[in-house]
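> Prediction below, plus the sequence it came from.
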Number of protein chains: 2
Amino acid sequence: MITTRATFPETTYAVLGLVDKVPGSSGYDLVAIADRSFAHFWPISQTLLYRELNRLAELGWVTAQRIDEGRSPTKWIYHTTPSGQAVLVEWLTKPAERISTFRSGFLLRFFFAHRILPETVSSLLTDYRAELTAQRDDFAALVDKLAHQSAPAARIGRLAALHGLRTAEARLQWADEAETELQQPTP
Amino acid sequence: MITTRATFPETTYAVLGLVDKVPGSSGYDLVAIADRSFAHFWPISQTLLYRELNRLAELGWVTAQRIDEGRSPTKWIYHTTPSGQAVLVEWLTKPAERISTFRSGFLLRFFFAHRILPETVSSLLTDYRAELTAQRDDFAALVDKLAHQSAPAARIGRLAALHGLRTAEARLQWADEAETELQQPTP
DNA sequence: GTTCCCATGTAACCCGTTACATGATTTT
DNA sequence: AAAATCATGTAACGGGTTACATGGGAAC
């Protein structure tokens, strides 16, 4: 029994979009693809992705086709249906409202740093900078890799990666700014 | 009965830190202060903040003092205990690991934009730019406001706001970059 | 012959959210 | 007299997580 709902979480559409983009993939494939692609700005766990696939199939937005290769468990591959595609386009067109989230464990600690010694604040910044550097290098490598691919999807992917790269770069600069500022005595 | 737990969510420490930073505040006060301060990088709802205050009191990390003003409901004000302060310092010192999260509804849609017309992608970017501009202006105003205050807490707050400002600026530049790039034909 | 990869799932938990309730006091 | 502010809470839900289970096939 399918209960009609007013809205679905963004993740539902994320998985729908992925099935649409990479049709004929299994859940296992999609997990791997998601991890390499949109997980950078929309993380999703394996369990949840499987749950969303079932929901999408129940809604009739994707078809689940059984592939019998004699192995266990049975492999299933997915395709978007016309109604699923319509829903996807509608979702893409409608504005995004307030669904973006940002939580920073670093900034949270930094904000309460009055409690701790200047050296500790400095080490907090060092850790953060290390994390950002790793992020920057990862994104830079991804941008570079996708720049050499000609598929239209690679273009979008490259720009998405560039978003991460630019963000990491700006925050690294901020870390420098913050460190020099904190070294100066209070006026 | 207090059950001992291995770990607590970051939000627990966020509230602990806030009580420590603004001692003698009521839950109502703390909600307002949180919304104006660390909610930018660690959002928290009123219900959750109250729940965490109760947890902190049960753990003995804060004291809850009843203020009887004859009104209803009774007002309670909070102070960190020595053990609570020790826990806070320990938390601040320990590295942050993988607790930061980032989810972007815009990037998610952008990533699946192959389905839609170029004009729609462009309008997606326009909406995003508007959101970023608002963010940038908010952070810029906050940075400016805090620059004129001399309290040590204002300095940290200003730097935290600057983090948001730099991020928004970088992403606005990215939006320009992306738009010009997408206007060029595929090679 | 053990370890990695394919492939799908169950169970349990809990953080965080939204909506709502209540009532006094202060402001308009 | 109405609206906003002060002040604390209950109820219900669900999205997302981690840990675990299962078992065949491929690779080393």
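Sure, I can see it.

> Strands of chain A, start to end?
A:25-26, A:62-67, A:75-80, A:101-103 (DSSP state E).

> With mean neighbour count added, can I get these in CSV?
Bear in mind the C-beta positions are built from the backbone N, C-alpha and C, glycine included. Shown next, in CSV, are the strands of chain A (neighbours: other CB atoms under 10 Å in any protein chain shown):
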stretch, mean neighbour count
strand A:25-26, 16
strand A:62-67, 15
strand A:75-80, 19
strand A:101-103, 15
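
> Adding mean pLDDT and distance to A:Ala39 as columns, could you present those strands in a markdown table?
Output for those, formatted as a markdown table (pLDDT from 0 to 100; distance: least, CB to CB, whole Å):
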| stretch | mean pLDDT | distance to A:Ala39 |
| --- | --- | --- |
| strand A:25-26 | 98 | 15 |
| strand A:62-67 | 96 | 20 |
| strand A:75-80 | 97 | 18 |
| strand A:101-103 | 95 | 15 |
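
> Which residue comes closest to A:Gly18 once chain neighbours are left out?
I think there's a mix-up here, since residue A:18 is Leu and not Gly. Excluding its sequence neighbours, the residue lying closest to A:Leu18 (CB to CB, 6 or more residues apart in numbering or on different chains) is A:Leu30, at 5.6 Å.

> What separation is there between the spatially closest residue to A:Gln65 that is not a sequence neighbour and B:Phe111?
Nearest-residue entry for A:Gln65: A:Ile77, 5.1 Å, with adjacent residues in sequence omitted and distances by CB to CB, 6+ apart. Relative to B:Phe111, A:Ile77 is positioned 22 Å away (CB to CB, to the nearest Å).

> Same question for A:Leu92.
Taking CB to CB, one finds A:Leu92 at 10 Å from B:Phe111.

> name the helices or strands packed onto the top helix by length along chain A?
Longest helix in chain A, counting residues (DSSP state H): helix A:152-183. Counting contacts by 3 or more CB pairs under 8 Å, 6 or more residues apart in numbering or on different chains; DSSP states H and E, helix A:152-183 packs against helix A:118-147, helix B:105-111, helix B:152-183.

> 10 Å - rerun?
With contacts defined as 3 or more CB pairs under 10 Å, 6 or more residues apart in numbering or on different chains; DSSP states H and E, helix A:152-183 has these neighbours: helix A:105-111, helix A:118-147, helix B:105-111, helix B:152-183.

> Run the angle between it and helix B:152-183 for me.
If you take axes from the mean of the first three to the mean of the last three CA atoms, to 10 degrees, helix A:152-183 sits at 160 degrees to helix B:152-183.

> Any residues of chain A in contact with DNA strand C? List them.
Within reach of DNA strand C by CB under 7 Å from any atom of the strand, chain A has these residues: A:26-29, A:31-32, A:46-47, A:50-51, A:53-54, A:71, A:73-77.

> So which of those reach DNA strand D?
Answer for the residues of chain A next to DNA strand C near DNA strand D (CB under 7 Å from any atom of the strand): A:46-47, A:71, A:73.

> Of the helices and strands packed on helix A:152-183, which is nearest A:Gly17?
helix B:105-111 (7.3 Å; CB to CB).

> for the residue nearest to A:Glu10 when sequence neighbours are not counted, what are its contacts?
Among residues not flanking A:Glu10 along the chain, A:Ile99 sits closest, at 5.4 Å (CB to CB, 6+ apart). The neighbourhood of A:Ile99, defined by CB atoms under 10 Å, 6 or more residues apart in numbering or on different chains, consists of A:9-10, A:42, B:103-106, B:108-109.

> which of those residues has the most neighbours?
Ranked by neighbour count (other CB atoms under 10 Å in any protein chain shown), the contacts of A:Ile99 have B:Arg109 at the top, with 27 neighbours.

> OK, contacts around it?
Counting by CB under 10 Å, 6+ apart, B:Arg109 has contacts A:10, A:13-14, A:17, A:91-96, A:99, B:115-116, B:120-121, B:124, B:127-128.

> what is the rounded mean pLDDT of the longest helix of chain A?
Averaging pLDDT along helix A:152-183 gives 95.

> can I see the domain layout of chain A?
For chain A, the structural domains run A:4-92, A:105-183, going by automatic domain parsing.

> JSON lines for those, including distance to B:Ala153?
As requested, the domains of chain A are exported to JSON lines (distance: least, CB to CB, whole Å):
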{"stretch": "domain A:4-92", "distance to B:Ala153": "32"}
{"stretch": "domain A:105-183", "distance to B:Ala153": "6"}
